[in-house]
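**Student:** What follows is a predicted protein model with its sequence.
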Amino acid sequence: MALPTMTAEQRTEALAKAAAVRKARSELIGQVKEGKVTVADLLKKADSDDLVKKTKVAAVIKALPGVGPVKAAKLLDQAEIPEDRRIGGLGARQRAALLDALEA
């Protein structure tokens with residue numbers, strides 16, 4: 001499938017939109033790092049907020065205070081969540097398992 005051809009103006013708009021989304025997602029991850037937002041809060045917002053819905057679970061877990069890449073991988077494995085899964089793609093069982101893994 002060929003990509004649609006875009007005008008220079010359309011391309012510039014798309015690049016600006018993508019940069020804005022990346023910045024907003026970075027700010028969201030920063031709030032998680034600072035402890036202002038919890039994983040439970042994000043799971044509740046996922047149904048209504050596209051930014052949260054499209055954020056990777058692994059990025060959020062790694063942003064938690066005291067959690068590095070190894071512990072994050074262990075938590076995801078414990079909750080049976082693939083490394084590349086996004087928050088919006090989690091089922092009810094996976095959400096509950098993730099919250100249980102974080103509390104333990």
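**Tutor:** Done, it's in.
**Student:** so where is this protein shaky, pLDDT-wise?
**Tutor:** Judged against pLDDT under 70, the chain has no low-scoring part.
**Student:** In it, which residue is most central in space?
**Tutor:** The centre of the chain sits closest to residue 55, judged by Cα atoms, centre = their mean, with a distance of 2.3 Å.
**Student:** List the contacts of the closest residue to that residue other than its chain neighbours.
**Tutor:** Distances taken as Cβ to Cβ, 6 or more residues apart in numbering place residue 87 nearest to residue 55, at 5.4 Å, with adjacent residues excluded. C-beta: built from backbone N, CA, C; applies to glycine. Shown in contact with residue 87 (Cβ atoms under 8 Å, 6 or more residues apart in numbering): 42-43, 46, 52-57, 60.
**Student:** what about the longest helix in this structure?
**Tutor:** In the chain, assigned by DSSP state H, the helix with the most residues is helix 8-34.
**Student:** so how far is the following helix or strand past that helix from its chain's centroid?
**Tutor:** Where DSSP states H and E defines the elements, the next helix or strand beyond helix 8-34 is helix 39-45. The chain centre lies 11 Å from the centre of helix 39-45; the measure is Cα atoms, centre = their mean, to the nearest Å.
**Student:** Next: stretch 89-98.
**Tutor:** Distance, centroid of stretch 89-98 to centroid of chain: 14 Å (Cα atoms, centre = their mean).
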